[in-house]
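Asker: sequence first, predicted model second:
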Amino acid sequence: MIFGLTDETYALLTTVHPKEGDNPEQFDFFITLFNHSYWVLGGLIGAIFGSLIPWNAQGIEFALTALFTVLLIEQIKSLKRPEPFVIAAAVILILRIIGIGKYELLAGILISSLACFFIKKEKIYA
């Protein structure tokens, strides 16, 4: 099922669970199948209409930046712990100052992930 994995599929598979008595593998398969079908069909329709309809796409490159900013804010609100985000921001700022260049993203992810392992975890009492 890895072939059909998208960010939406992953989000659904980690938050939605099958009903009692349903087959979990079949449930996961159909979510993946439908999501992948929507991606392929949407891409095909977009390619066809995009080539037929002339339109000005100036400024569209900001859409993903806005999307990921909203997703970041939602993650901060749901996690209720700023440490991982502060660490990631500090690491990328330091790497930007150093000027690592094309490996900045990879180095930032690796260093931030490693640093997050050392954050003290809160104790959860049942």
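Answerer: Nice, I can see it. Keep in mind it's a predicted model, so treat the numbers as computed, not measured.
Asker: give me the low-pLDDT residue ranges for the protein?
Answerer: The model of the chain has pLDDT under 70 over residues 122-126.
Asker: break it into its domains for me.
Answerer: Following automatic domain parsing, the chain resolves into domains at 1-55, 60-121.
Asker: in this structure, which spans are helices?
Answerer: Here the chain has its helices, by DSSP state H, at 7-15, 24-52, 62-79, 83-98, 104-116.
Asker: quick one, which of the ones you listed gets closest to M1.
Answerer: In terms of Cβ to Cβ, the element of the helices of the chain nearest to M1 is helix 24-52, at 5.0 Å. To be clear about C-beta, it is placed using only N, CA and C from the backbone, and glycine gets the same treatment.
Asker: other SSEs contacting the closest one?
Answerer: Where contact means 3 or more Cβ pairs under 8 Å, 6 or more residues apart in numbering; DSSP states H and E, helix 24-52 is packed against helix 7-15.
Asker: as a markdown table, the domains of the chain with mean neighbour count would be great.
Answerer: Output for the domains of the chain, formatted as a markdown table (neighbours: other Cβ atoms under 10 Å):
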| stretch | mean neighbour count |
| --- | --- |
| domain 1-55 | 11 |
| domain 60-121 | 12 |
